[in-house]
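*Asks:* pasting the sequence and the predicted coordinates here, then a few questions.
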Amino acid sequence: MSKNPKSIPKFRSEAEERRFWETHDSSDRVDWSKAERVRLPNLKPSTTSISLRLPVTLLDQIKIAANKRDVPYQSLIKTWLAEKTVNG
């Protein structure tokens, strides 16, 4: 990086800033060696849809369990999968 980085312009909107960064490289405007790691705890993780084939009887049992807990059955499945992954 050069000793005198180019200045970053002031933007009137997020859309204007987005258009700028889509066409400009940040390496000549930002000294990334001074960057610090941050945590963004309120960001929602990206998700993707999957198709999962289950025996009808198993799905019925999951729906009954979800109904007893007053939660959507898809949420219960996600919870169980997450617990199984974490707790092995």
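*Replies:* The structure has been received and is ready for your questions. Numbering: from 1, shown residues only.
*Asks:* which regions of the protein sit below the pLDDT cut-off?
*Replies:* Counting by pLDDT under 70, the ranges of the chain that qualify are 1-3, 87-88.
*Asks:* residue nearest the middle of it, spatially speaking?
*Replies:* For the chain, residue 45 is the residue whose C-alpha lies nearest the centre (CA atoms, centre = their mean; 2.6 Å).
*Asks:* how near is it to residue 11?
*Replies:* From residue 45 across to residue 11, the span is 28 Å (CB to CB, to the nearest Å). (Each C-beta comes from the backbone N, C-alpha and C, glycine too.)
*Asks:* residue 28 too?
*Replies:* Taken as CB to CB, the span from residue 28 to residue 11 is 18 Å.
*Asks:* in terms of neighbours, single out the busier of those two.
*Replies:* When neighbours are counted by other CB atoms under 10 Å, residue 28 and residue 11 differ, and residue 11 comes out ahead with 13 against 10.
*Asks:* ok, that one touching residue 21?
*Replies:* No - proximity of residue 11 to residue 21 does not meet the contact threshold set by CB atoms under 8 Å, at 9.6 Å.
*Asks:* what about stretch 22-33, start to end distance?
*Replies:* Length of stretch 22-33, first residue to last, CA to CA, to the nearest Å: 22 Å.
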